[in-house]
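Colleague: structure, please.
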Amino acid sequence: PRRLELQGVKWAVENWSGRQDLVLENEAPKNSVYVYGCRDCVLQVKGKVNAVSLDKCVRVGVVFGDVISGVEAVNCSSVQLQVTGAVPTLSIEKTDGAQLFVSKRCAADPNFQVVTAKCSAVNVVVVPDPDTNSEEDPQEHPVPEQFISTFQGGKLVT
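Modeller: Sure, this is the predicted structure:
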């Protein structure tokens, strides 16, 4: 069954298809967002949240502001995540095709991390701040999928 409801401290957004206008108005920063089994959807999360998780989603976009602990996508395909505020970590696992749009402010944070495992076609796009009237273009950075490891001094170095 489709749902978009607050269950305790977790927003459940489940089994939606073909909706480009899903909006979640969050009031309490302790709440997290769990998006499951959605297809061809766009979700906008308004208000600060503790965490955002996507699981088994296909062609889904999520736009969010500040996230306290982190954002993760697992078992997904062709997802887009857009950070308009601050987030410490974007974690992508077992996902084919992820576009991660981050603000210049977020990318400049030395503690910001993108963690990937068993993924392909992951790109991080740094978007210029909208309040600056610069003609700066977004900068796209592909996340490496292939690594070379060699032995150096008896240790494996990647």
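Colleague: from here on, contacts and neighbour counts on C-alpha atoms
Modeller: OK.
Colleague: counting contacts, what elements does the worst-scoring helix or strand of the chain on mean pLDDT pack onto?
Modeller: Across the helices and strands of the chain, mean pLDDT, DSSP states H and E gives its lowest value to helix 104-108, namely a mean of 90. For helix 104-108, the packing partners by 3 or more CA pairs under 8 Å, 6 or more residues apart in numbering; DSSP states H and E come out as strand 120-127.
Colleague: buried sites along the strand it packs on?
Modeller: Neighbour counts over strand 120-127 (16 or more other CA atoms under 10 Å) mark S120, V122, N123, V124, V125, V126, V127 as buried.
Colleague: same question, stretch 90-100
Modeller: Burial within stretch 90-100, assessed by neighbour count using 16+ other CA under 10 Å, is assigned to L90, S91, I92, E93, K94, T95, D96, G97, A98, Q99, L100.
Colleague: same check on stretch 2-12?
Modeller: Those buried within stretch 2-12 under the rule 16+ other CA under 10 Å are L4, K10, W11, A12.
Colleague: spatially, which two of those are the most separated?
Modeller: L4 and K10 (10.4 Å; CA to CA).
Colleague: out of the buried residues of strand 120-127, which comes closest to S53?
Modeller: V122 (16.8 Å).
Colleague: how much space between that closest one and V115?
Modeller: Look at V122 and V115: by CA to CA, to the nearest Å, they are 11 Å apart.
Colleague: how about V125?
Modeller: V125 sits 15 Å away from V115, taking CA to CA as the criterion.
Colleague: if we can go back for a sec, now the angle from the helix or strand just after the least confident helix or strand of the chain to strand 120-127?
Modeller: Downstream of helix 104-108, the next assigned helix or strand under DSSP states H and E is strand 113-117. Relative orientation of strand 113-117 with respect to strand 120-127: 170 degrees, computed using axes from the mean of the first three to the mean of the last three CA atoms, to 10 degrees.
Colleague: start at 33, not 1
Modeller: Got it, the first residue is 33 from now on, which makes the last one we talked about strand 145-149.
Colleague: any idea how far strand 145-149 is from the middle of the chain?
Modeller: Here the centre of strand 145-149 is set off from its chain's centre by 10 Å, with CA atoms, centre = their mean, to the nearest Å.
Colleague: contacts for that strand next, please.
Modeller: For strand 145-149, contacts defined as CA atoms under 8 Å, 6 or more residues apart in numbering pick out P120, T121, L122, S123, I124, E125, K126.
Colleague: thanks a lot, see you next time.
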